[in-house]
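[1] fold the following, please.
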Amino acid sequence: MQETTSKQIIAQAARYAFPHTIPIFAGFWFLGMTYGIYMNVSGFSFLYPLLMSLTIFGGSLEFVAVKMLLSPFAPLQVLIMALMIQARHLFYGISMLDSFKGTGFKKPYLIFGMCDETFSINYSAKIPNTIDRGWFMFFVTLLNQFYWVSGAALGGILGSLISFNTEGLDFVMTAMFVVIFLEQWLKEKNHATAVIGITVSALCRICFGADSFMIPTMVCILLFLTVFRKSIEKAGGMA
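    Prediction:
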């Protein structure tokens, strides 16, 4: 009886998680195939995008990794570059500390598979009490990685057969983040967090430039939200 109940809980969480990942599916498949095609054009077999998407699972880093693989061996530079590109995940992890509590054996995979889009869903989703939160986050993470891995592998396989210009397909991800932002804007009565995010990002972009503004932006946003957390929560502007 207990085993049946557990299976029902897992199945219910999977069914509830799937609709949340549909917009991610569209973006990941297009961009994942673009990545696979890029790898193919660069001289790599489909196994490279397949294995890299399984183990790295960091879209921006995977694109940059193509050039790293084709460049002279420089492990220290690669390490620094990878840390700079993925540093924002440190802040994602801090934000999810409470959410990951009590998730048991699922926690290591939730940490590994937490990309930008998965974080957006798992952090902001309104999960009913009837749905197991840990399994919901697990299936969101699993489905999103499956979309990316399958898209990258398919792009790697079909890359040699596709001859049209794929430049600009990466804008799919930008459009998807705009949709997620607008959805959050409509959900919140108080837009303090959104205004802080936009304002700080714009100022850091001006001060530090396009290549170096991400980490200062994350640090400043974290400081602002920490200092004004109580007033923002009281106004209903923070989840």
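[2] ok, and for stretch 115-130, which residues are buried?
    115-122, 125, 127 (16 or more other CB atoms under 10 Å). For every residue, glycine as well, the C-beta is placed using N, CA and C.
[3] how about stretch 69-89?
    Those would be 81-82, 85, 88-89, for stretch 69-89 by 16+ other CB under 10 Å.
[4] span of it from start to end?
    End-to-end distance for stretch 69-89: 23 Å, by CA to CA, to the nearest Å.
[5] can you verify my assumption that residue 232 contacts residue 193?
    Yes - counting by CB atoms under 8 Å, residue 232 does reach residue 193; the two are 6.3 Å apart.
[6] please identify which of these two sits among more neighbours.
    Neighbours per residue (other CB atoms under 10 Å) separate residue 232 from residue 193, with residue 193 holding more: 20 against 17.
[7] could you say which helix or strand holds that one?
    Assigning secondary structure by DSSP states H and E places residue 193 in helix 192-208.
[8] chain center to that helix, what's the gap?
    Relative to its parent chain, helix 192-208 has a centroid offset of 20 Å by CA atoms, centre = their mean, to the nearest Å.
[9] how is this protein carved up into domains?
    Domain assignment for the chain, taken from automatic domain parsing, gives 2-168, 188-239.
[10] weakest of these in terms of mean pLDDT?
    Least confident of the domains of the chain, judged by mean pLDDT, is domain 188-239 with a mean of 79.
[11] could you single out the most deeply buried of the domains of the chain?
    domain 2-168 (a mean of 16; mean count of other CB atoms under 10 Å).
[12] contacts only, for the closest residue in space to residue 119 that isn't next to it in sequence.
    Closest residue to residue 119 apart from its sequence neighbours, by CB to CB, 6 or more residues apart in numbering: residue 92 at 4.6 Å. Each residue near residue 92 by CB atoms under 8 Å, 6 or more residues apart in numbering is listed here: 114, 116, 119, 123.
[13] now do the phi/psi pair for residue 92.
    phi -60, psi -50 (degrees, to the nearest 10).
[14] ok, now residue 145?
    phi -70, psi -40.
[15] state which helix of the chain is the longest.
    helix 2-41 (DSSP state H).
[16] sorry, back to before: could you dump the domains of the chain to a markdown table with distance to residue 182?
    Compiled in a markdown table, the domains of the chain are given as follows (distance: least, CB to CB, whole Å):
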| stretch | distance to residue 182 |
| --- | --- |
| domain 2-168 | 12 |
| domain 188-239 | 10 |
